[in-house]
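**Q** sequence plus predicted model, see below.
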Amino acid sequence: MHTERTTSKSGVIERYREFLPVPESTPIVSLGEGSTPLVFCPQLSKRVGRAVFVKNEGVNPTASFKDRGMTVAVSKAMGRGAKGLICASTGNTSASAAAYAARAAISCVVILPAGKIATGKLVQAVAYGAKIVAIDGNFDDALRLVRELGDDSDFAIVNSINPDRIAGQKTAAFEIVDVLSDAPDFHLLPVGNAGNITAYWTGYREYHARRRAKNLPAMVGFQAAGAAPIFYNRVVEEPETVASAIRIGNPASWKQARAAITESHGVIDIVSDQEILVAQAWLARHEGIFVEPASAASIAGLFKCCDSKEAAYSFKKIPEESRIVCTVTGHGLKDPDVIIQQMKDLKSVPATVESVRRAIGL
Ligand code: F0G
């Protein structure tokens, strides 16, 4: 395998190797992931009364944040001579694993909850040539099966229980500090299997320890109300939410997420499906950023922190100069079903200026 640069944009290993467990001898499997935009959002900032930035992870190669961890996990697996990858997924991990497996010319098996994967993500797994196994069960069952099938030298588990995934994902925190010249005061993000909140906190702490950041943010995580084991502090046997990516009742990184929240003086809170869909539409219409429902949990959470008396963390009294970053984790095109249902039938009009003027309402 060639290890020279294979894309015009360097991936996260090339950019942050000194912080990653990837020796020079490891063959790098990259699609040019990371270096995603940290977008200052004027309308959100106006609504909140503080500076709000959105870290748009939907513009990664497979349109979610998973690619950051996948490049590290797959590169390391190749270094160990793995013949294939295996993962459980609510959709995005499977899309990412399938793409990086294709890139590495190895096989990929994905175990998915039947009927609960957003259309675009399933399409991706098929397009990249993964072997797809749909189970009569939820994500937690799928992950249990992957653990039972086990990690061996032939098949590498690439769920976030693999520490290489977390190592890659922490680079998003580095990028934020590199742009803002310090950590933000608050970092908001959706929480499902809880790998990402663990990864961000690891990244912020590492940069702080190396004196690249003076500040450490409060980590504020949001679960969907119907799938909120960390918030309620108990396993949810039958998690349910429109945000299928975070439909998880027994997160693998539960303890690490708790530690991140406690150590950073943050909180975990819940948002309803209704709040999630309102936030998704709001972000698309007011900032031009179209994200999948799970990703909109961080924006719904931001609104809750500002508007609701029930918020676990109120932003009413935080200093005006506070900087807030919300991670949006996946692209809206992955999960178009809710919006398609809301679409009215498009009726065609005759191809004349007059009928087009009438259709516009001129
Ligand atoms: N947002 C999206 C779009 C996701 O796909 C996920 C997780 C999360 C948020 C939550 O991140 O699990 O690190 O807390 N998706 C996993 C998957 C479970 O299989 O694609 P987390």
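**A** Thanks, I have the structure now. Numbers count the residues shown, from 1 in each chain.
**Q** every contact and neighbour count from this point should use C-alpha atoms.
**A** Fine.
**Q** burial of Leu302, as a residue count?
**A** Here the count is done by other Cα atoms under 10 Å, and Leu302 has 29 residues near it.
**Q** contacts for the helix or strand containing it, please.
**A** Assessed by DSSP states H and E, Leu302 sits inside helix 293-307. With contacts defined as Cα atoms under 8 Å, 6 or more residues apart in numbering, helix 293-307 is touched by 48, 188-190, 221-224, 242-246, 269-271, 275-280, 283, 310-316, 326-330, 332, 335.
**Q** got the CA positions of that helix in CSV?
**A** Extracted in CSV, the C-alpha atoms of helix 293-307 (Å, rounded to 0.1, in the frame of the first residue of the first chain):
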residue,chain,number,x,y,z
PRO,A,293,-32.3,14.7,13.1
ALA,A,294,-29.8,13.3,15.6
SER,A,295,-27.4,16.1,14.8
ALA,A,296,-30.1,18.7,15.5
ALA,A,297,-30.2,17.5,19.1
SER,A,298,-27.3,19.8,19.9
ILE,A,299,-29.3,22.8,18.4
ALA,A,300,-32.5,21.8,20.1
GLY,A,301,-30.4,21.5,23.3
LEU,A,302,-29.0,25.0,22.8
PHE,A,303,-32.6,26.4,22.5
LYS,A,304,-33.5,24.6,25.6
CYS,A,305,-30.6,26.0,27.6
CYS,A,306,-31.7,29.5,26.5
ASP,A,307,-35.5,29.3,26.6
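**Q** list the buried ones in it?
**A** Counting neighbours by 16 or more other Cα atoms under 10 Å, one finds that the buried residues in helix 293-307 are 293-306.
**Q** now stretch 328-336
**A** Val328, Thr329, Gly330, His331, Gly332, Leu333, Lys334, Asp335, Pro336.
**Q** quick one: the strands in the stretch 51-200 of the chain?
**A** 51-56, 84-88, 107-113, 131-135, 155-157, 186-190 (DSSP state E, counting those that start in this stretch).
**Q** nearest to the ligand, out of those strands?
**A** strand 186-190 (5.2 Å; Cα to the nearest ligand atom).
**Q** end-to-end on stretch 53-61?
**A** Stretch 53-61 has an end-to-end distance of 21 Å (Cα to Cα, to the nearest Å).
**Q** how far does it sit from its chain's centre?
**A** 9 Å (Cα atoms, centre = their mean, to the nearest Å).
**Q** what's in contact with it?
**A** Contacts for stretch 53-61 (Cα under 8 Å, 6+ apart): 31-34, 36-41, 63-65, 67, 176, 291, 323-332.
**Q** now, those residues that are in strands?
**A** With DSSP state E as the criterion, strands contain Leu38, Val39, Phe40, Arg323, Ile324, Val325, Cys326, Thr327, Val328 from among the contacts of stretch 53-61.
**Q** out of these, give me the one that has the most neighbours.
**A** Neighbour max across the ones in strands among the contacts of stretch 53-61 (other Cα under 10 Å) = Val328, 28 neighbours.
**Q** ok, back up a step: tabulate the buried residues of helix 293-307 (JSON lines), appending pLDDT and distance to Ser94.
**A** Listed next are the buried residues of helix 293-307 as JSON lines, based on pLDDT from 0 to 100; distance: Cα to Cα, whole Å:
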{"residue": "Pro293", "pLDDT": "98", "distance to Ser94": "18"}
{"residue": "Ala294", "pLDDT": "98", "distance to Ser94": "16"}
{"residue": "Ser295", "pLDDT": "98", "distance to Ser94": "17"}
{"residue": "Ala296", "pLDDT": "98", "distance to Ser94": "20"}
{"residue": "Ala297", "pLDDT": "98", "distance to Ser94": "21"}
{"residue": "Ser298", "pLDDT": "98", "distance to Ser94": "22"}
{"residue": "Ile299", "pLDDT": "98", "distance to Ser94": "25"}
{"residue": "Ala300", "pLDDT": "98", "distance to Ser94": "26"}
{"residue": "Gly301", "pLDDT": "98", "distance to Ser94": "26"}
{"residue": "Leu302", "pLDDT": "98", "distance to Ser94": "28"}
{"residue": "Phe303", "pLDDT": "98", "distance to Ser94": "31"}
{"residue": "Lys304", "pLDDT": "98", "distance to Ser94": "31"}
{"residue": "Cys305", "pLDDT": "97", "distance to Ser94": "32"}
{"residue": "Cys306", "pLDDT": "95", "distance to Ser94": "35"}
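**Q** so which of these also contact the ligand?
**A** Ala294, Ser295 (Cα under 6 Å from any ligand atom).
**Q** out of the buried residues of helix 293-307, which is nearest to Thr7?
**A** Ser295 (27.3 Å; Cα to Cα).
**Q** pLDDT weak spots in the stretch 151-300 of the chain?
**A** The stretch 151-300 of the chain contains residues with pLDDT under 70 at 151-153.
**Q** what about the helices in it?
**A** 163-169, 171-180, 195-209, 229-232, 254-263, 273-287, 293-307 (DSSP state H, counting those that start in this stretch).
**Q** who touches stretch 70-84?
**A** Residues contacting stretch 70-84 (Cα under 8 Å, 6+ apart): 12-13, 22, 25-31, 33, 85, 96-97, 100-101, 104, 106-109, 153-156, 158, 162, 164-165, 167-168.
**Q** list the buried ones in it?
**A** Buried residues in stretch 70-84 (16+ other Cα under 10 Å): Met70, Thr71, Val72, Ala73, Val74, Ser75, Lys76, Ala77, Met78, Ala82, Lys83, Gly84.
**Q** much appreciated, bye for now.
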